[in-house]
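1. whatever this is, show me its structure:
(one chain, ligands or ions: 1)
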Amino acid sequence: MSEYKDSILVLRTYKLAESDRILSCLAKQHGKIRVVAKGARKPKSKFGGRVEPFTELNASLWKGRGELDTLRQVDVISLNGSLHQDLDKMMKAATVVEMVDKVSFDGQELPELFTLATRALRSLARTDSPNFLAVFALRLLVLEGLAPQLDGCRVCGDPNLVSIEARHGYGLCITHAVSPTISPRIVELMRTVLAGRTASVLNLGTKEDSSEFEKVVMEYLEHVLSLKLFSLHANDL
Ligand SMILES: [Zn+2]
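-> Coordinates of the predicted model:
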């Protein structure tokens, strides 16, 4: 077995045997990996409470022969502990790691995705914004090359959009949309994030706008990625 080092973000964990834990992680240089943390569930484990979802670690690992590597040692970069103490933040963090999990595949190098996700979780741990999820989802769509085109109506170029056609990723004006589905304020928030000005949007928003913003963006993301996010709909059950 050969040893390697990488920064990892723990996405999910599973119990294995008596006292071990399997971690599904996004590694900065190695992309998505699954690793065994031996003895992680023992009270005196050297991994302590550090191999939990949302934690960011510098790790030494043994490369396994199969698809499981073995965690040898970890140093904490960011525990993001507050994400486990606040239900709202925990649900948002769970949605972030679920999105990251769904867009990443074994064998891909994904340093930009790693940076986007770890920065977002650290920021969520420090502060909370009602626009957090929508902003993260839009930035993820940009990274994936799937962001909607919102410069103007696809048919006539009118910048006053009232609807976004998710199937093709463009906006439509009042004349060309089947029916208005999105407020101008939300279009403006989306444009601001797509232009890279995320900080101002994270600091903005009324409760009504934020909830519409999140709904529009998350529906769009689920449509273009053809998925349903379990963590996002857990409250609907
Ligand atoms: Zn039009």
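2. near the ion, which residues of the protein show up?
-> Cys153, Val155, Cys156, Asp158, Cys173, Thr175, His176 (CB under 5 Å from the ion). Every C-beta, even on glycine, is put in place using the N, C-alpha and C of the backbone.
3. neighbours around the closest residue to Asp106 other than its chain neighbours, how many?
-> Nearest non-adjacent residue to Asp106, counting by CB to CB, 6 or more residues apart in numbering: Lys32, 5.3 Å away. Neighbours of Lys32 under the rule other CB atoms under 10 Å: 19.
4. so Lys32 is in contact with Cys25, correct?
-> Yes. Using CB atoms under 8 Å, Lys32 is in contact with Cys25, at 7.3 Å.
5. which neighbours do the two share?
-> Taking CB atoms under 8 Å, 6 or more residues apart in numbering as the contact criterion, no residue touches both Lys32 and Cys25.
6. tell me where this protein has helices.
-> 87-103, 111-126, 132-143, 184-194, 198-202, 207-224, 230-233 (DSSP state H).
7. wait, which of those is closest to Gly48?
-> helix 111-126 (18.1 Å; CB to CB).
8. the closest one - contacts with which helices or strands?
-> strand 3-16, strand 20-27, strand 56-62, strand 68-78, helix 87-103, helix 132-143 (3 or more CB pairs under 8 Å, 6 or more residues apart in numbering; DSSP states H and E).
9. quick test: name the residue nearest the centre of this structure.
-> Val96 (2.8 Å; CA atoms, centre = their mean).
10. kindly state the beta-bridge partners for Thr70.
-> Val36, Trp62 (DSSP bridges).
11. that one reaches Lys38, doesn't it?
-> Yes. Under the contact definition of CB under 8 Å, Thr70 touches Lys38, with a separation of 6.8 Å.
12. now do the domain split for this protein, please.
-> The chain resolves into domains spanning 3-81, 129-236 when parsed by automatic domain parsing.
13. okay, those in TSV with mean pLDDT next?
-> Shown next, in TSV, are the domains of the chain (pLDDT from 0 to 100):
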stretch	mean pLDDT
domain 3-81	94
domain 129-236	92
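14. I'd like those as a markdown table, with distance to Val100 appended.
-> Below are the domains of the chain laid out as a markdown table (distance: least, CB to CB, whole Å):
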| stretch | distance to Val100 |
| --- | --- |
| domain 3-81 | 6 |
| domain 129-236 | 8 |
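15. of those, which approaches Lys92 most closely?
-> domain 129-236 (5.5 Å).
16. name the nearest residue to the residue in the chain sticking out farthest from the centre, ignoring sequence neighbours.
-> Relative to the centre of the chain, and counting by CA atoms, centre = their mean, the farthest-placed residue is Thr175 at 35.0 Å. Excluding the flanking residues, the one nearest Thr175 by CB to CB, 6+ apart is Cys156, at 6.8 Å.
17. return the residues in contact with that neighbour.
-> Counted by CB under 8 Å, 6+ apart, Cys156 has contacts Cys173, Thr175, His176.
18. and for Thr55?
-> Thr55 touches Leu9, Val10, Val76, Ser78, Leu79, Asn80, counting by CB under 8 Å, 6+ apart.
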